[in-house]
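*Asks:* how does the following fold in three dimensions:
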Amino acid sequence: MDFGRSERGQLYLDRLQGFMDEHVLPAEPVYAAQRAELRAIVRDRSREPEERFEATLALAKLPRNGARTRVRNRCALTGRPRGFHRKFGMSRIALRELGSTGQIPGLVKASW
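*Replies:* Here you go, the predicted model:
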């Protein structure tokens, strides 16, 4: 799938594909430029208030799933959306289970 990103960005996106909400991800790059342009108009204080208000209305008409902030990281193993560790790409529960069995290289469970 090509989302109009650089090769490095695409590799990162492919790696995270299983970690994020799939119904939100495809729409984000399509509206990113349009959303950025409208947000710049809304923030520009030198423009007329009517023009800024029209940009606000146009921004509200864009699909909500097109916003980057709607993407949620998820555990690669369980799909759990909460307690997600970015470094490992999994939830705290899965991380603890795999870490305690020694299946994650470099991770040592603390005991004192």
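*Asks:* number of residues surrounding Leu38?
*Replies:* For Leu38, the tally of surrounding residues (other C-beta atoms under 10 Å) stands at 21. (C-beta placed from N, C-alpha, C; glycine too.)
*Asks:* for it, what are phi and psi?
*Replies:* Per-residue torsions, Leu38: phi -70, psi -40 (degrees, to the nearest 10).
*Asks:* from Pro63, how far off is it?
*Replies:* Noted for Leu38: a distance of 13 Å to Pro63, by C-beta to C-beta, to the nearest Å.
*Asks:* ditto for Arg45
*Replies:* Distance from Arg45 to Pro63, counting by C-beta to C-beta: 28 Å.
*Asks:* higher neighbour count, those two?
*Replies:* Each of Arg45 and Pro63 has its neighbours counted (other C-beta under 10 Å); Pro63 has more, 13 against 7.
*Asks:* state the distance from the spatially most central residue of the chain to Glu54.
*Replies:* Nearest to the geometric centre of the chain sits Val71, at 3.9 Å (C-alpha atoms, centre = their mean). Noted for Val71: a distance of 28 Å to Glu54, by C-beta to C-beta.
*Asks:* ok, Ala94 next?
*Replies:* From Ala94 over to Glu54 (counting by C-beta to C-beta), the distance is 47 Å.
*Asks:* and this structure, what are its domains?
*Replies:* Here the domain assignment for the chain is 1-72, 73-112, based on automatic domain parsing.
*Asks:* could I get these as a markdown table with mean pLDDT?
*Replies:* Conversion of these to a markdown table gives the following (pLDDT from 0 to 100):
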| stretch | mean pLDDT |
| --- | --- |
| domain 1-72 | 76 |
| domain 73-112 | 87 |
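*Asks:* so which residues of this structure form helices?
*Replies:* 7-16, 28-43, 49-61, 92-100 (DSSP state H).
*Asks:* reformat the ones you listed as TSV; add distance to Ala76.
*Replies:* TSV is the format used below for these (distance: least, C-beta to C-beta, whole Å):
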stretch	distance to Ala76
helix 7-16	9
helix 28-43	20
helix 49-61	33
helix 92-100	8
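*Asks:* so Ala94 and Glu54 - more neighbours on which side?
*Replies:* A side-by-side neighbour count of Ala94 and Glu54, using other C-beta under 10 Å, places Ala94 first with 20 against 14.
*Asks:* understood, closing this out.
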